[in-house]
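Colleague: Let me see the structure of the following:
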Amino acid sequence: MRKITILILSLLISCVFISCNKNTMFLSNQLAPYALSKNEETIAKLISGQSQYAIFNFNIDKKIKTLSIWIEGYNNGEKLNLNNYSCFSLKNPTGKISINTNTSDNYQWNFSFADDENIANYSFKTNNQFETDSKYSKGYTKLLDPVEISIDKEIILQAYLFKDNGSMSIYSTNEYLDNPKILKEFDYVYLVKCKFSDKDSTLE
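Modeller: Have a look, this model is predicted:
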């Protein structure tokens, strides 16, 4: 059932990718959140269940060839060893990224990328015990404002926060990059990151 939900949501995202785009950006080398229409948002809520989803537009110049998306995990500020790096080759100046995360059990992630010619997906599970441990309070935030794309500059798209306490402070996504010490405030953190490169698509 979970695979079917991801497939259906991917189809919705595909429709968003090829539909008339009221969120079209005119600035080169910029990434920004995509605002779903009311109808798109209603459909997404119906089929996503307990999933978190986010969609982003980007515009790039001809120098940029590759988009990379991955998750970094942290335990009390110390980086975990996660292997979930995905690369997509870029052939067109505009495209979209979607992140869909099923949080009903162990977290299942689906990264999607699309431009005028191609749609690609990468799915995996993280399977960490803290994801389903009821003792942790959970927080979430995502990129809300446009950001400039620079070659090999990391951008945080989403943050998933876990803390063994009833309260937590949730920061804007850029603050986790600018001040990584705040990661120590949480027991566990997932940061969904991306970057754009002028090198050909290769897995690191």
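
Colleague: Could you identify the helix or strand that succeeds the helix or strand bottoming out on mean pLDDT in the chain?
Modeller: The weakest-scoring helix or strand in the chain, judged by mean pLDDT, DSSP states H and E, is helix 2-18 (a mean of 50). Downstream of helix 2-18, the first helix or strand assigned by DSSP states H and E is strand 30-33.

Colleague: and that next one, what's its mean pLDDT?
Modeller: Regarding strand 30-33, the rounded mean pLDDT is 96.

Colleague: ok, and what's touching it?
Modeller: With CB atoms under 8 Å, 6 or more residues apart in numbering as the test, strand 30-33 has contacts from 23, 25, 54-59, 97, 142-149, 155, 194. (Each C-beta comes from the backbone N, C-alpha and C, glycine too.)

Colleague: In helices, which of these fall?
Modeller: Of those, none are assigned to helices by DSSP state H.

Colleague: Show me which of these are buried.
Modeller: For the contacts of strand 30-33, a burial check counting by 16 or more other CB atoms under 10 Å picks out 54-59, 97, 142-143, 147, 149, 155, 194.

Colleague: out of those, who's nearest residue 135?
Modeller: residue 142 (24.7 Å; CB to CB).

Colleague: I'd assumed residue 155 was in contact with the closest one.
Modeller: No. Taking contacts as CB atoms under 8 Å, residue 142 lies outside contact range of residue 155: 11.4 Å.

Colleague: Let me see the contact set for the residue nearest to the spatial centre of the chain.
Modeller: In the chain, the residue lying closest to the centroid (CA atoms, centre = their mean) is residue 99, at 4.2 Å. Each residue near residue 99 by CB under 8 Å, 6+ apart is listed here: 52, 53, 54, 55, 69, 109, 110, 111, 112, 157, 158, 192.

Colleague: Okay, and which of the residues you listed map to strands?
Modeller: Judged by DSSP state E, the subset of the contacts of residue 99 located in strands is 52, 53, 54, 55, 69, 109, 110, 111, 112, 157, 158, 192.

Colleague: Just confirm the fourth one contacts residue 40, I think it does.
Modeller: No. Counting by CB under 8 Å, residue 40 is not a contact partner of residue 55; they are 9.1 Å apart.

Colleague: would you list the contacts of residue 99 in JSON lines and tack on distance to residue 75?
Modeller: As requested, the contacts of residue 99 are exported to JSON lines (distance: CB to CB, whole Å):
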{"residue": "52", "distance to residue 75": "21"}
{"residue": "53", "distance to residue 75": "26"}
{"residue": "54", "distance to residue 75": "24"}
{"residue": "55", "distance to residue 75": "29"}
{"residue": "69", "distance to residue 75": "22"}
{"residue": "109", "distance to residue 75": "18"}
{"residue": "110", "distance to residue 75": "24"}
{"residue": "111", "distance to residue 75": "23"}
{"residue": "112", "distance to residue 75": "28"}
{"residue": "157", "distance to residue 75": "21"}
{"residue": "158", "distance to residue 75": "18"}
{"residue": "192", "distance to residue 75": "17"}
